[in-house]
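Participant: Got a sequence here, can you build the structure:
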Amino acid sequence: MDDHGTDKDQRSKGLGGLDGLVVPPFSRRGFVMTSLIAGFTLAEANAQAQVVTTDSAGLVAGEVKIPAADGPMPGYRAMPEGAGPFPLILVIEEIFGVHEYIKDVCRRLAKVGYCAVAPELYARQGDLSKMTHVKAIVRDVILKTPDAQWIADLDAASSWAIADSKADAGRIGTMGWCRGGRGAWLYAAHRRDLKAAVAWYGPLGGDRTELQPKTAGDVATDLHAPLLAIYGGADTGIPVASVEDARDRANAAGRSVELVVFPEAPHGFHADYRPSYRKDSAEQGWARALAFLKSHGVG
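Facilitator: Below is the predicted model of the structure:
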């Protein structure tokens, strides 16, 4: 088996340390989304004036097509100009798709030397570019996306980036926000060669289903990579105590989880296009995240 999670035996037996996660047969209809969202998500009508915009000067940045098991998967890549190899960050989106905020995050990472790749992980389940209601996104797209599917897609994005972008196979990390923060926990429990993971306010609990059999809290003791957990103390949906419990269980099991809590920050405090944005906490969290990645060999 290779180190990048693309071996067929791994796909048939399960994914990494996540027992029972078997890649399901892909939909015959293929990808519903064949390109990324232009601008911001339609599900957030209150885009704020504090939106952070990162230019692409000195970068190779734009929409890409990533070879997946059942066809080309849309995604966004940003990396410095030059030969590389560059450390690789797999960016895991929020529930709203790879829209301008996620694209800008990729450019921010590229500006400090990373190859950042954000695959559209929900492209098979629904067209997020046309969806305007959060409840519908969660019901019709998010909860119908098998964990095994998006994990395999992240593996595919990694393999593509290493081959196409000359990303460094020995320096791979991941960073995710909200539902993508949950994804960072699960991916760190899947990928054995991952160097570091950063989870921004990812939920630790939730329902267990056939498609999504484990919560992020369930896999805290199975992490293969050090994880930085960045959370808001004013997040009404994620009790800090639940994150502290996951951290303590992980560390007691010999894993490594660091927790940073910004006491006054609500959920979504890094999302600069939303009213939940808190500039100071977002900037401090970003600095902590970059330092964490570098301290664990991704940089």
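
Participant: Can you list the low-confidence ranges for the stretch 1-150 of the chain?
Facilitator: 1-29, 32-38, 42-49 (pLDDT under 70).

Participant: Show me where the stretch 151-299 of the chain has its strands.
Facilitator: With DSSP state E, counting those that start in this stretch as the criterion, the stretch 151-299 of the chain has strands at 167-177, 196-200, 227-232, 257-262.

Participant: Could you find the residue nearest the spatial middle of this structure?
Facilitator: Residue closest to the average C-alpha location in the chain (Cα atoms, centre = their mean): I92, at 1.7 Å.

Participant: For it, give me its contacts.
Facilitator: Residues near I92 by Cβ atoms under 8 Å, 6 or more residues apart in numbering: 118, 121, 154, 174-177, 180-181, 183-184, 187. Every residue, glycine included, has its C-beta placed from N, CA and C.

Participant: what is it paired to in the beta sheet?
Facilitator: Under DSSP bridges, the beta-bridge partners of I92 are G176.

Participant: Please apply the same query to W200.
Facilitator: Following DSSP bridges, W200 is listed with bridge partners W177, I230.

Participant: how much space between it and S158?
Facilitator: Using Cβ to Cβ, to the nearest Å, W200 is found at 20 Å from S158.

Participant: Over to I102?
Facilitator: Computed as Cβ to Cβ, the I102 to S158 distance reads 17 Å.

Participant: what's the answer for P85, then?
Facilitator: Distance of P85 to S158, computed by Cβ to Cβ: 13 Å.

Participant: higher neighbour count, the two?
Facilitator: Per other Cβ atoms under 10 Å, whichever of P85 and S158 has more neighbours is S158, with 26 against 16.

Participant: Touching, that one and I89? I think so.
Facilitator: No. Using Cβ atoms under 8 Å, S158 makes no contact with I89, being 10.2 Å away.

Participant: on that earlier part again, could the strands of the stretch 151-299 of the chain be laid out in CSV, adding mean neighbour count?
Facilitator: Supplementary listing: the strands of the stretch 151-299 of the chain in CSV, determined by neighbours: other Cβ atoms under 10 Å:
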stretch, mean neighbour count
strand 167-177, 24
strand 196-200, 30
strand 227-232, 27
strand 257-262, 18
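
Participant: Just put those in TSV and tack on distance to T215 and mean pLDDT.
Facilitator: Shown next, in TSV, are the strands of the stretch 151-299 of the chain (distance: least, Cβ to Cβ, whole Å; pLDDT from 0 to 100):
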stretch	distance to T215	mean pLDDT
strand 167-177	15	97
strand 196-200	13	98
strand 227-232	14	98
strand 257-262	15	98
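
Participant: closest to L128 out of these?
Facilitator: Closest of the strands of the stretch 151-299 of the chain to L128 is strand 167-177, at 14.8 Å (criterion: Cβ to Cβ).

Participant: what ranges do the helices span in the stretch 151-299 of the chain?
Facilitator: For the stretch 151-299 of the chain, applying DSSP state H, counting those that start in this stretch gives helices covering 179-190, 240-252, 279-295.

Participant: Quick check: which of these is buried the most?
Facilitator: Comparing those by mean neighbour count (mean count of other Cβ atoms under 10 Å), helix 179-190 ranks first with a mean of 28.

Participant: average pLDDT for it?
Facilitator: The pLDDT scores in helix 179-190 average 98.

Participant: Now do the contacts for the closest residue to G285 other than its chain neighbours.
Facilitator: With sequence-adjacent residues excluded and distances taken as Cβ to Cβ, 6 or more residues apart in numbering, G285 is closest to I230, at 4.7 Å. Listed by Cβ under 8 Å, 6+ apart, the contact set of I230 reads 198-201, 260, 262, 270, 285, 288-289.

Participant: of these, closest to T221?
Facilitator: When the contacts of I230 are ranked by distance to T221 (Cβ to Cβ), A199 comes first, at 15.3 Å.

Participant: rewinding a little: would CSV of the strands of the stretch 151-299 of the chain with distance to A246 be doable?
Facilitator: Formatted as CSV, the strands of the stretch 151-299 of the chain follow (distance: least, Cβ to Cβ, whole Å):
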stretch, distance to A246
strand 167-177, 15
strand 196-200, 10
strand 227-232, 8
strand 257-262, 7
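
Participant: quick one, strands of the stretch 1-150 of the chain?
Facilitator: Assigned by DSSP E, counting those that start in this stretch, the strands in the stretch 1-150 of the chain fall at 59-68, 71-80, 86-92, 115-119.

Participant: Relative to R192, which of these is closest?
Facilitator: Once those are compared by Cβ to Cβ, strand 86-92 is nearest, at 14.6 Å.

Participant: CA atoms only for that closest one - export them in CSV, please.
Facilitator: C-alpha atoms of strand 86-92 as CSV (Å, rounded to 0.1, in the frame of the first residue of the first chain):
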residue,chain,number,x,y,z
PHE,A,86,5.9,23.1,-1.1
PRO,A,87,4.4,21.8,2.1
LEU,A,88,0.8,20.7,1.5
ILE,A,89,-2.3,21.8,3.4
LEU,A,90,-5.6,20.0,2.6
VAL,A,91,-8.3,22.7,3.3
ILE,A,92,-11.6,21.3,4.5
